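# my questions are about this predicted structure, shown below with the sequence.
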Amino acid sequence: DAGVIQSPRHEVTEMGQEVTLRCKPISGHNSLFWYRQTMMRGLELLIYFNNNVPIDDSGMPEDRFSAKMPNASFSTLKIQPSEPRDSAVYFCASRVVSDTQYFGPGTRLTVL
Amino acid sequence: AQSVSQHNHHVILSEAASLELGCNYSYGGTVNLFWYVQYPGQHLQLLLKYFSGDPLVKGIKGFEAEFIKSKFSFNLRKPSVQWSDTAEYFCAVSPYGQNFVFGPGTRLSVLP
């Protein structure tokens, strides 16, 4: 199994630009999570989906952030417009409900 | 709401010292319990998990954890740490059928 796949692995962009992060969960997993990790704030849950439906998006910082899961094998996290304080590592994780979460390698985002 | 606390923010040990990292959670029902490790620059990886049965669980790399239901605790232990154990360790709780909740993490530094 290829594990959770995230792209891009690194993204450098300028303030105000739109950023799209992508995630392919492990096949057969029906829950998907987006996290953000920074030195200051640690690991934060942004949003999670069960069976492609957003269940809890209370961690999404503000309206500039949006996430979609159009099908069981693909999800996106979009930031528009991006700001320097959005610089972080963004992790996607997936699991079968109630079982172990498996993390992707992360996307390191730098907003200049 | 469920919460997970980890007793130490940063632990510094010499090689061959014994390790115990504390984890407590607040949730009265059935839970699944996890410890994850994040090596520098990498993503979170599963160390061990407890779903049911023997409350003493063994994981990879010589780690073990003990679930004490009466204390709502799931402490991680290793009898003799190595320099390569330097990492951040996260405790997580998943009430059955519900979301994951991660603790804030404990950074372990092992001095050679």
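Perfect, thanks for sending it.
# look up how far chain A lies from the nearest residue to B:Gln82 once chain neighbours are set aside.
Distances taken as Cβ to Cβ, 6 or more residues apart in numbering or on different chains put B:Glu15 closest to B:Gln82, at 6.0 Å, once the chain neighbours are dropped. For the C-beta atoms, the positions are set from N, CA and C on the backbone; glycine is no exception. Plainly put, B:Glu15 is 26 Å away from chain A if you go by Cβ to the nearest Cβ, to the nearest Å.
# can you check B:Ser73 too?
Using Cβ to the nearest Cβ, one gets 20 Å for the distance from B:Ser73 to chain A.
# and the closest residue in space to that residue that isn't next to it in sequence, how far from chain A?
On the basis of Cβ to Cβ, 6+ apart, the spatially nearest residue to B:Ser73 that is not a chain neighbour turns out to be B:Asn24, at 5.1 Å. Counting by Cβ to the nearest Cβ, the separation of B:Asn24 from chain A is 17 Å.
# burial check on B:Gln42, number of neighbours?
13 (other Cβ atoms under 10 Å in any protein chain shown).
# again, but for A:Arg41
Applying the criterion other Cβ under 10 Å, we find 10 residues in the vicinity of A:Arg41.
# what does chain A put close to chain B?
Of all the residues in chain A, those in contact range of chain B (Cβ under 8 Å from any Cβ of the partner chain) are A:33, A:42-43, A:45, A:48, A:55-56, A:91, A:93, A:95, A:97-106.
# contacts for the helix or strand of chain B with the lowest mean pLDDT?
Taking mean pLDDT, DSSP states H and E as the measure, the helix or strand of chain B with the lowest value is strand B:101-102, at a mean of 90. Strand B:101-102 is contacted by residues A:Leu43, A:Leu45, B:Gln2, B:Ser3, B:Val4, B:Tyr25, B:Tyr36, B:Phe90, B:Cys91, B:Ala92, B:Val93, B:Ser94 when judged by Cβ atoms under 8 Å, 6 or more residues apart in numbering or on different chains.
# and if we set it to 7 Å?
By Cβ atoms under 7 Å, 6 or more residues apart in numbering or on different chains, the list of residues contacting strand B:101-102 from outside reads A:Leu43, B:Gln2, B:Ser3, B:Val4, B:Phe90, B:Ala92, B:Val93.
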